[in-house]
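> could you work out the structure for the sequence below:
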Amino acid sequence: MNNIKDLEGKIKKVSGEEKVKAMNDLALTFNNSEPEKAEKYAKKALALAKKVNYKKGIARSNNIIGISYHRRGDYKKAMYAYLKALIIFNEVGDKHSIASSHNNIGAVYEIQGNYDQALRYYFEALRINEELKDKQNIAVSYNNIGIVYEKQLSYNKALENHFKAVKIREKIKDKKDLAVSYNNIGVIYEKQNNRELALEYLLKALKIKEEIGDKQSAAISYINVGNIYNEQGFDDKAIEYFLKALKTFEDIPDKYGISISCNSLGRIQTKLKQYDLAYEYIQKSLKLAKEIGAKETEIEAVKALSELYEAQDEFEKALHHYKNLADLEKEIFNEQKSKQIAEMQTKYETTKKEKEAEIYRLKNVELRKQINERKKTENEIKKSREQLRKLGHYLQNVREIERLKITTGLYENLSQNLAALMIELNSFEKSLPNKLRKEKQKIKSMYGLIDITLQELQKESHEIRPSHLDFLGLIPTIEWYVEEFKERTGILCKTTFEPENIDLNKDLSVSLFRILQEVLDNVKKHAKAKEVTISIKMINGNISMEITDDGIGITDKQVNDSESFGLLNIKERVLEHKGKIKISGKPGKGTRVEINVPVRMKRKM
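Residues are numbered from 1 along each chain as shown. Sure, this is the predicted structure:
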C-alpha cells in the first residue's frame, strides 16, 4: 500500500518520460490483484507516452495492457498488445523486454494448445536471456519450457527444466517465482501418482503465495491441492480448496481460472452424485472456455459432461459428447493427416487424367500431331508469358528489397535526427528568458510539427515496407495492419484465421500481404463500406484468403478493366504462385475477393 501511495505522489510531481515510467510502475502493482485497474493506469501511461514520443514507454504500456487482458482470459487482445510491444522493443533494441515479450506471446500460444509455437517463443526468450546473463529470466524460460513439456506428457524433461529454475531461484532468493516452480513440480508428481511429494511441493508453494499476496498464483495452487485431496478421497477438503480458487478467480476476474475451477467442482459433484449442481458447474466451464478460445479447457469440460451423463446412465447423451470430444481432439492433433489424404487424392486424380489423355492421344495419330503442334505453340506463348511473369516477380522482389533499405535507412536516420532536433529545441527553449513568451510559444508549436512529422514518417515507412513481416510472420502482421486500417478509416474490420498461426515462405507472405493492402486501399477509396470481413484458412494444402465488404459493389466492367492496374497487380501476384482468384460484386451489397493458392508449390529464387 505504501508503494502505491509513493507512486501516486511521484506521478503528481514529475512530468514527461518520468511520469510515464511512474504510471506504468503503478499499473504493474495492480496486475496480479486488480488487472482492470492495471489496464486503466497503463492506458493513461500509453496516451502520455505517445504525446511525448517516448517509444520505450509506449512499448511497456502495451505490454502491461497485454498482461491485464491475459490475466482476464481475453487472449486475442492480449496477443495484439504483446505484438505491438514486441515490435517497438525491437525498434529500440531493448533485449530484456524483447525476451519478456517472447515469453508472454509463448504463454498465449500455450493456453491455445499450440505447443510448437509456444516452445519456439520460449526457447528464443531463453537464448536472449542467456546472452544477457539474466539469471531471473533464464529461470522464467526454464519454467515455461517445463510447463509445455508437461502438457506434452514428457514429465522427465519437464522436471529437468523446473529443477533448473528452482536452483537459480533459490540462489537469487526469488521467493515469488520459487513458489511457481514448487507448484509446477507438485503438479507433475501428482500426474506420476507420487501424491506425497506432490502435496509437499504444492503446500510449500501455496504458503509463499499467500504470504506475498499473489492472488492469481494462490488460486492455481488451491486447484492443485484440491486435486490431490480429491484423489485421496478427502472430498470435503477438495471442495473447500476448489471453492477458494473459484472465489479468487471471480474477484480478479480471470475467465480462464473460473473455467478450470468450475470444471473441477463439476467433476467432484458428479462423483458425489450431485448431478444438477455438477451440470451447472460444467456448463459454465464449457461456455467460458468457448468464449475465450481455450481449446484444452473446452476439451476437459466436454469430457466432464460426457462422464456426468454416463454416471446418470444417459448413454445416448454421453456418446454424443464423446463424439464432440473426438472432433475437438481431431481439430487440434489431426490436421496434418487431413492434408496428407487431400494430397494423395489430388495425386490420384492427376494420374488418372494423365492416363486418360494418353489413351485418347493413341487413338488418333493425326489428331495427336495436331494437338502436339498446338501444344507447342501454346507452350511457347505460355513460356513467353511465364518469362514476363518471372521478370515481373523479380522486379517486385527488387522493389521489396529497395523498400526495406529505404525504411531501415531513411526512417531510422530521419527519426533520430528529428528526435535530436526536439532535444536541441528543448534546450534552446530553456535557455531563453521568460519574458520572450512569443518565442517560447513558437518553439512549442515546432515540437508539435516535429511530432506530427515523426508520426507521418513512421506511417509512410510501414506503408512502404512493414518490418513486422520479417520477424513476426504473416498473420500477426495482418492483425496489426487491419487494426491500423480500422483506426485510420473508421471502417469496422472482422478477421478469422484458421489456424491462428500459418507458417509460409517469405515470398508468398509478402504477396498475400500486398494483395490485402491493395484490396483494403480500394475499399477505402471506392467502396463506401462500413464493414470489411477478412478470412484466411488452410484447406487441403492450400491457403484461402477471402475479403468481403458491404459497400456499393464492384461491377463486371470494373473487374475486367485493363486500365485498372491495382486489380491487374493482384491477379498477377496470385498467378505467380499458381493460384486462383475470383472478384465479384452486387450493386449495393458489396464486393467479394476470393483467393486460393497452393502452399506446397514454393517459388525458387
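> show me the shaky parts of this structure.
Residue ranges of the chain with pLDDT under 70: 1-2, 318, 321-371, 380-420, 422-423, 426-427, 447, 454-471, 562, 600-605.
> tell me which element the residue nearest to the spatial centre of it falls in.
For the chain, the residue sitting closest to the mean C-alpha position, by CA atoms, centre = their mean, is residue 79 at 4.2 Å. In this structure, residue 79 sits in helix 75-92 according to DSSP states H and E.
> show the subsequent helix or strand relative to that helix.
Using DSSP H and E, the next helix or strand after helix 75-92 towards the C-terminus is helix 95-111.
> and that following helix, what does it pack against?
helix 55-71, helix 75-92, helix 115-132, helix 135-151 (3 or more CB pairs under 8 Å, 6 or more residues apart in numbering; DSSP states H and E). In short, each C-beta sits where N, CA and C put it, glycine included.
> chain center to the third one: distance?
Remark: helix 115-132 is offset 16 Å from the chain centroid, using CA atoms, centre = their mean, to the nearest Å.
> report the angle between it and helix 75-92.
Angle, helix 115-132 to helix 75-92, by axes from the mean of the first three to the mean of the last three CA atoms, to 10 degrees: 30 degrees.
> how about the first one?
Angle, helix 55-71 to helix 75-92, by the same axes, to 10 degrees: 160 degrees.
> again, but for the last one
Between the axis of helix 135-151 and that of helix 75-92 there is an angle of 140 degrees, by the same axes, to 10 degrees.
> who touches whichever strand or helix holds residue 245?
Here residue 245, judged by DSSP H and E, is contained in helix 235-251. Where contact means CB atoms under 8 Å, 6 or more residues apart in numbering, the residues beyond helix 235-251 that reach it are 215-216, 218-220, 222-223, 225-227, 229-230, 257-258, 261-262, 264-265, 268, 271-272.
> any quick ChimeraX command for the buried ones out of the residues you listed?
Applied in ChimeraX, the following selects the buried portion of these according to 16 or more other CB atoms under 10 Å:
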select :215,216,218,219,220,222,223,225,226,227,229,230,257,258,261,262,264,265,268
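> and for the helix holding residue 79, what's in contact with it?
55-56, 58-60, 62-63, 65-67, 69-70, 97-98, 101-102, 104-105, 108, 111-112, 292-294, 467-468, 471-472, 476, 479-480, 483.
> buried by neighbour count, from the residues you listed: which ones?
If you count burial by 16+ other CB under 10 Å, the buried members of the contacts of helix 75-92 come out as 55-56, 58-60, 62-63, 65-67, 69-70, 97-98, 101-102, 104-105, 108, 111-112, 292-294, 467-468, 472, 476, 479-480.
> figure out which of the helices and strands packed on helix 95-111 is closest to residue 543.
When the helices and strands packed on helix 95-111 are compared for distance to residue 543 using CB to CB, the nearest one is helix 115-132, at 17.4 Å.
> about what we covered before: most tightly packed of the helices and strands packed on helix 95-111?
helix 55-71 (a mean of 25; mean count of other CB atoms under 10 Å).
> follow-up on the earlier one: next, the angle helix 95-111 makes with the helix holding residue 79.
For helix 75-92 against helix 95-111, the angle by the same axes, to 10 degrees is 160 degrees.
> what's the spacing between helix 75-92 and its chain's center?
Relative to the mean C-alpha coordinate of its chain, helix 75-92 is positioned 9 Å out (CA atoms, centre = their mean).
> now swap in stretch 150-167 and tell me
Taking CA atoms, centre = their mean, the mean C-alpha location of stretch 150-167 is offset from the chain mean by 25 Å.
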